[in-house]
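> Fold the following and give me the result.
(2 chains, ligands or ions: 1)
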Amino acid sequence: MIITEKGLIKINSYNEIVNLDEYQKFNCVLFTKSFFLENITKISSQKKNGLLLNSDDKIEDISQHIIIFSLINVRFLNFKDGRPFSIARDLREIFSYKNEIRASGQILPDQLIFLLKCGFNSVEIDKTKKDTWLNIFKTDSRQDYQR
Amino acid sequence: MYRYDEFDSKLVINRVKQFTKQIKRRISGDLTEDEFKPLRLMNGLYLQLHAYMLRVAIPYGELSSKQLKMLAYISKKYDRGYGHFTTRQNIQFNWPKLIDIPKILRNLAKVEMHAIQTSGNCIRNVTADHLAGLLPEEIEDPRPWCEIIRKWSTFHPEFSFLPRKFKIAVIGCNEDRAGILVHDIGIKIIKRKEIGFQIFVGGGQGRSPFIAKKISDFVSKKNLLTYLEAILNIYNSLGRRDNIYKARIKILVNELGIEHFKKLVEDRFKLLKQKKTALKGIEIDKIKNYFKLPSLETVGKINPEFPKNPNFEKWLKFNTLNHKVKGYKIVLVSLKSKNYPPGDMDYKQMIHLAELAEKYSFGEIRVTHEQNLVIPHIKITDLFEVWKILDSITLATPNIGLLTDSICCPGMDYCALATARSIPIAQKITNFFEAKKKQDEIGPLKIKISGCINACGHHHVGNIGILGLDKNGQEFYQITLGGSSKENASIGKIIGSSFSSSEIIPAIDKILDVYLEKRDNKNQTFIQTLEQIGLKPFQEALYDNN
Ligand code: SF4
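Next up, the predicted model:
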């Protein structure tokens, strides 16, 4: 389940795959950076390709390919590890990535507004915490000093 | 001084509302303590040895009388009647209840105060020279720049979950009163063809102390925030997260080497340069307007005759400085008197001082990083009157910069991490040396005391540093000599094995005797003498005849 930047709750349509067979099977796929680098020639631009990054993954070495991804999902190893905030900002501001960026992994609902401000469009959430997320989306202030 | 506009007020009030909800979620169990921790820390709330501790931000140390009166009210109503000023120009309350926190925060918001980013792994309250804007030799007032940095760093969406806390200090004079070289980022205003900034990075104290290294010799005003953003981005991406003791930027800078780190920052800076953080002259001017000197009337008598009083004369000598406007003095208020822990102030003192500042100094007060206060603009002809009032509320101890004006962390009396007590040591030093009248003869000297290796009492940069240790359940104290946080910043050297709490005062006395005996003249400082004669004579005095 995901919450979007518009505050909508949706189903996650990306299938996390680990090998080429699975890659062929689905139309909307999510794979790791190492899967991508190993199978780079087999990636089809006809599919919806989602890239799964961990907090500690670098993006410089794949930056020339990012146009092929319809989604980049950055997984928080821990909510205290703030690297994904920089990853999202880099994707937007340095690498001009225009498609969806999603946050997943261990995240606090209280981090939602910061996520959206750094360029994330959606967050994978725990079903049981749906109301907290919605409530924070509606009530947390978006006011800030940054430009 | 800076005044909130509607935007600032709204921001703070929204934050109080948000934190109030988070507290409710914690109480209901919706948030675990582990999840609640970074949220409460970002709102200045610590869990200490006996209770919660709330640290309230005093941006770059500037306070109004109205604000000080509110702090007095909070100390009385929600704490035990006093507050504790810290080495980062903030104030801490050591006994508030969790349930009262929203009320305290709402009260603070009424006087344009808050506790945002006074703790946690984010960019902390920016500090400045406490004499900012008051001295003739200043290149430019650092306070507007602190305010610009404060705004930029408040709720920064990218930099609120850094590997570790992050501290920035700014100075505008050559003399460094803010310890910029022991900060994560130190900023010095300099004048080349135009005025801009020298930037230092990677200084810090704690278990592995480092003196900051210069990363840029000149950053223009327009690019200041962009440059800071580049440094923070590299730190957020590459700073270590595997070991809390290696997570500060000083470790990253040291592991990569300053040249490599600098290259990463400069590359990043080039990418960011044309972006949104560039500052416009008009924005800078708008902020600067808030920090104009109040209109000080001309004083007729520049050398008034004061009543003969030796205590007043001593205070005049040690606790006042020349103001850049003729006819005025800067008054330093010592929070290091005999009967109070260093940096503590009770609510009555707060009220009286606030009234005094209202009457004599345009309602302005400042907090120094040495845990004292400043009343910035006192007419020379009012000095005797001001001294009388300060003296009547135990705030005229004439010891600024002297031995008994020591810095000290809360130590075992409050802090859960402490390995020894530090406040009683500071008090013993005060009592002992005040009684001996030795400190006047010694002159300027900095003693700094920490209750554990985390070094909140800055012992590494004390001319004499004292570090409390635990040896099989007994308190012991290690002495370092030669530290400084000034322009010539250096980390003190350990002199030898540590001393028990009954041995520590005599040990310091011996060190001071060596200094008095060996210095060439009265003006040779402790550090200069140490450089000249080395550690050996001190070690001989301390250990040889044992
Ligand atoms: S130095 Fe240690 S004892 Fe003192 S305040 Fe810091 S953590 Fe606590």
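> Next SSE downstream of the helix-or-strand element of chain B with minimal mean pLDDT?
Of all helical and strand segments in chain B, the minimum by mean pLDDT, DSSP states H and E falls on helix B:438-442, at a mean of 86. Downstream of helix B:438-442, the first helix or strand assigned by DSSP states H and E is strand B:447-450.
> ok, and does that next one reach over to the ligand?
Yes. Counting by Cβ under 6 Å from any ligand atom, the ligand is contacted by strand B:447-450 at B:Ser450. No exception for glycine: its C-beta is placed from N, CA and C like everyone else's.
> Just name whatever secondary elements that strand is in contact with.
Packing contacts for strand B:447-450, counted by 3 or more Cβ pairs under 8 Å, 6 or more residues apart in numbering or on different chains; DSSP states H and E, involve strand B:407-408, helix B:423-436, strand B:464-471.
> Sheet partners, orientation included, of that strand?
Strand B:447-450 sits in its sheet next to strand B:407-408 (parallel), strand B:464-471 (parallel), going by DSSP bridges.
> so where's the longest helix in chain B?
Longest helix in chain B, counting residues (DSSP state H): helix B:6-28.
> The stretch 401-546 of chain B against the ligand: which residues are in contact?
Residues of the stretch 401-546 of chain B lying near the ligand (Cβ under 6 Å from any ligand atom): B:409-411, B:415, B:417-418, B:450-452, B:454-457.
> if we go to 5 Å?
B:Cys409, B:Pro410, B:Gly411, B:Cys415, B:Leu417, B:Ala418, B:Ser450, B:Gly451, B:Cys452, B:Asn454, B:Cys456 (Cβ under 5 Å from any ligand atom).
> Can you tell me the closest non-neighbouring residue to A:Asn54?
Take A:Asn54 and drop its neighbours on the chain: the residue closest to it by Cβ to Cβ, 6 or more residues apart in numbering or on different chains is A:Arg75, 5.3 Å away.
> Next: B:Lys326.
Per Cβ to Cβ, 6+ apart, closest to B:Lys326 is B:Ile302, 6.1 Å.
> so that neighbour touches B:Tyr328, yeah?
No. Contact criterion Cβ atoms under 8 Å: B:Ile302 and B:Tyr328 do not qualify, at 9.7 Å.
> Spit out the contact partners of the residue of chain A at minimum distance from chain B.
Closest residue of chain A to chain B, Cβ to the nearest Cβ: A:Gly82 (2.8 Å). Contacts for A:Gly82 (Cβ atoms under 8 Å, 6 or more residues apart in numbering or on different chains) come out as B:Asn121, B:Glu158, B:Phe159, B:Ser160, B:Phe161, B:Leu162, B:Pro163, B:Asn236.
> helix/strand/coil for the residue of chain A found nearest the ligand?
In chain A, the residue found nearest to the ligand is A:Lys80; the distance is 19.7 Å by Cβ to the nearest ligand atom. Secondary structure state of A:Lys80, per DSSP: H, G, I helix; E, B strand; the rest coil, is coil.
> about what we covered before: show me how to select, in ChimeraX, the buried members of the residues of the stretch 401-546 of chain B next to the ligand.
Buried members of those, defined by 16 or more other Cβ atoms under 10 Å in any protein chain shown, are picked up in ChimeraX with:
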select /B:409,410,411,415,418,450,451,452,454,456
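> one step back: what helix or strand is the residue nearest to A:Asn54 located in?
Judged by DSSP H and E, A:Arg75 forms part of strand A:69-76.
> and A:Thr41, how many neighbours?
For A:Thr41, the number of neighbouring residues by other Cβ atoms under 10 Å in any protein chain shown comes to 5.
> ok so it is a helix residue?
Yes. Counting by three-state DSSP, A:Thr41 is found in a helix.
> quick one, what contacts it?
A:Thr41 neighbours (Cβ under 8 Å, 6+ apart): none.
> again, but for B:Arg106
Counting by Cβ under 8 Å, 6+ apart, B:Arg106 has contacts B:Val16.
> Surely it is within a helix?
Yes. The assignment for B:Arg106 (three-state DSSP) places it in a helix.
> Distance check, the residue of chain B found nearest chain A against B:Leu39.
Residue nearest to chain A within chain B (Cβ to the nearest Cβ): B:Phe161, separated by 2.8 Å. Distance of B:Phe161 to B:Leu39, given as Cβ to Cβ, to the nearest Å: 11 Å.
> Helix B:6-28 and the lengthiest helix in chain A, what's the angle between them?
Ranked by number of residues, the top helix in chain A under DSSP H is helix A:130-139. Interaxial angle, helix A:130-139 versus helix B:6-28 (axes from the mean of the first three to the mean of the last three Cα atoms, to 10 degrees): 170 degrees.
> where does the nearest residue to A:Val74 once chain neighbours are set aside fall, phi/psi-wise?
Among residues not flanking A:Val74 along the chain, A:Pro84 sits closest, at 4.3 Å (Cβ to Cβ, 6+ apart). Main-chain dihedrals, A:Pro84, degrees, to the nearest 10: phi -60, psi -30.
> can you give me the offset of the helix or strand harbouring B:Leu39 from its chain's centre?
Assigned by DSSP H and E, B:Leu39 belongs to helix B:33-42. The chain centre lies 24 Å from the centre of helix B:33-42; the measure is Cα atoms, centre = their mean, to the nearest Å.
> quick one: contacts of it?
A:79-80, A:108, A:110, B:19, B:22-23, B:25-26, B:31, B:46, B:116-117, B:119-122, B:160-161.
> Enumerate the residues of chain A near chain B.
Contacts of chain A with chain B, taken as Cβ under 8 Å from any Cβ of the partner chain, map to A:79-83, A:85-86, A:89-90, A:93-94, A:108, A:110-111, A:113-115, A:117-118, A:132, A:139-141, A:143-147.
> List buried residues within those.
When neighbours are counted using 16+ other Cβ under 10 Å, these contain these buried positions: A:79-83, A:85-86, A:89-90, A:94, A:108, A:110-111, A:113-115, A:117-118, A:132, A:140, A:144, A:146.
> number of nearby residues for B:Val170?
B:Val170 has 28 nearby residues by other Cβ under 10 Å.
> so how many other residues sit close to B:Asn243?
There are 9 residues near B:Asn243, going by other Cβ under 10 Å.
> next one: B:Asn94
Look at B:Asn94: counted by other Cβ under 10 Å, it has 24 neighbours.
> same thing with A:Glu22?
Count around A:Glu22 with other Cβ under 10 Å applied: 14.
> I'd like the distance from the helix or strand harbouring it to the chain centre, please.
Taking DSSP H and E as the definition, one finds A:Glu22 inside helix A:20-25. Helix A:20-25 sits 21 Å away from the centroid of its parent chain (Cα atoms, centre = their mean).
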